Each structure stands twice: as structure tokens, then as C-alpha cells.
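J.: sequence plus the predicted model coming up.
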Amino acid sequence: DAGVIQSPRHEVTEMGQEVTLRCKPISGHNSLFWYRQTMMRGLELLIYFNNNVPIDDSGMPEDRFSAKMPNASFSTLKIQPSEPRDSAVYFCASSFGTSGGSRTDTQYFGPGTRLTVL
Amino acid sequence: TQLLEQSPQFLSIQEGENLTVYCNSSSVFSSLQWYRQEPGEGPVLLVTVVTGGEVKKLKRLTFQFGDARKDSSLHITAAQPGDTGLYLCAGASPGNQFYFGTGTSLTVIP
């Protein structure tokens, strides 16, 4: 069975450029999460969707970050313009639950996208 | 401000030794999870504990949720090189906020 799929696996870009990260959740899952991991701040939740609707985006750093989930099988995280401090590994995770995205539902993580902004 | 502090931050031990990793907070959590993350991969859920004082065992791993639901521990018996990885605790607050801990990087030397 295919797990959570993320693309690209690695992205190197220059400051000011737009970056789009992509995620395909596990089929049948109804919640999707975007995380960012750095050495300094650890793993941080950026935003999560339930049934394609953004439920909590309080972790999104600033207006340069935006996330969309146009359908149940695809989500994007966009950074525009990118800055060096955005360099991190970005993870997408999905889960299935019946209680609106309960945090006890098992989350399945993708392999991550390593972003480097020069 | 980190709501979930893990200790130790780094741990290097010999194969066969026992170890305990701690996850502490001043906040109460409705549930707490433990994950293991290997290099180049995403975290993988090991266990979820929801009841204060709960103890769960997964082969050589023993997880305990504190009575007050503010802390947790992970004990590994007879560590093996395959246990090497980053161990993360994660807590769900009563308000459905979700936080990961600072992580413990474990290296088991053959």
C-alpha cells in the first residue's frame, strides 16, 4: 500500500523565489497535517485540514505561507517569497478519524521535503 | 516556549543496556503519543496513552503516562542497534492543540 507521498524530496532555491510543496495523503484518510522540522525548533504543526477544510492554521509562520487542499487526495504548501530561515524539512501526515481530526488518531507521515533557501 | 521537554537530548549507549527517556510538561494532556523517527524518514507512531497511570508495553519498550497526565516515560530494555533513532513524544491538550516534544536522539552502539 502506498503511504503518504510528498514531492519534491529535496528543493534548493534562492531567496525570494516561490516554493510549492506537494502532498498526496493515504487514500481514505480525512485529515491532513503539514509540519516543519528544524534543529532549533523541533517538529512544529503548521496547519491541519479535516475533510479538505482548514481547521487550525495558527502554526503558519506568516503571510508568506499558504496551504490548500482542493480535494481529498492532494494538498500544497506554498511559500512566497521564500527566505533562508524557511530552510527545514517539511512533513505531510494524514489520518483517519470520526471525530473531526482528533489528535489521538494515528498520523502517518510522509518522507518529507528537505527545503534549502540560499 | 516548549510545552513538552524531553530528556536527555542525546543518549549513546552500548547494545544490551537499558535506558529511560522522559517527557515532561507543566500542562495537562488528554493523550500522549510516542514516535520514533529514523534519518531521512518521517516519524512513526509507537503508542498512544490516554489514561493517567497507564502503562503499555511494546516488546522491549515500556511506556508510562504520569498519574497527573503531565509527563511520560519510555523505557527500553536490552537496547539493540535497531532502536537507534529520534524519539519524540507528542501531546494533545484538552483544547485539541497538538505539540511535539523536543526529542531524544538515541544511538545504540553494537
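T.: In hand now; what should we look at?
J.: quickly note the distance from residue B:32 to residue A:3.
T.: Separation of residue B:32 from residue A:3 (Cβ to Cβ, to the nearest Å): 24 Å. The way it works is simple: take the backbone N, C-alpha and C, and place the C-beta from them, glycine included.
J.: and residue B:69, by the same measure?
T.: Using Cβ to Cβ, residue B:69 is found at 31 Å from residue A:3.
J.: between the two, which is the more surrounded one?
T.: Taking neighbours as other Cβ atoms under 10 Å in any protein chain shown, residue B:69 and residue A:3 compare with residue B:69 leading, 22 against 14.
J.: skipping its backbone neighbours, what lies nearest that one in space?
T.: In this structure, residue B:69 finds its nearest non-sequential neighbour in residue B:52, 4.7 Å apart by Cβ to Cβ, 6 or more residues apart in numbering or on different chains.
J.: now swap in residue A:29 and tell me
T.: Closest residue to residue A:29 apart from its sequence neighbours, by Cβ to Cβ, 6+ apart: residue A:94 at 3.9 Å.
J.: state the distance from that neighbour to residue B:49.
T.: Applying Cβ to Cβ, the value for residue A:94 to residue B:49 is 22 Å.
J.: tell me which of those two has more neighbours.
T.: Legend: neighbour count by other Cβ under 10 Å for residue A:94 and residue B:49, higher for residue A:94 (27 against 22).
J.: surely that one is in contact with residue A:34?
T.: No - checked against Cβ atoms under 8 Å, the pair residue A:94 and residue A:34 is beyond contact range at 10.6 Å.
J.: and the pLDDT at residue A:59?
T.: Note for residue A:59: predicted pLDDT of 88.
J.: that one contacts residue A:33, doesn't it?
T.: No - applying Cβ under 8 Å as the test, residue A:59 and residue A:33 come out as separate, 9.8 Å apart.
J.: the two: which is more packed in?
T.: The residue with more neighbours, out of residue A:59 and residue A:33, is residue A:33; 28 against 17, by other Cβ under 10 Å.
J.: what helix or strand is that one located in?
T.: If you go by DSSP states H and E, residue A:33 is part of strand A:31-38.
J.: just checking, what packs against that strand?
T.: If you count contacts as 3 or more Cβ pairs under 8 Å, 6 or more residues apart in numbering or on different chains; DSSP states H and E, strand A:31-38 packs onto strand A:42-50, strand A:74-79, strand A:88-95.
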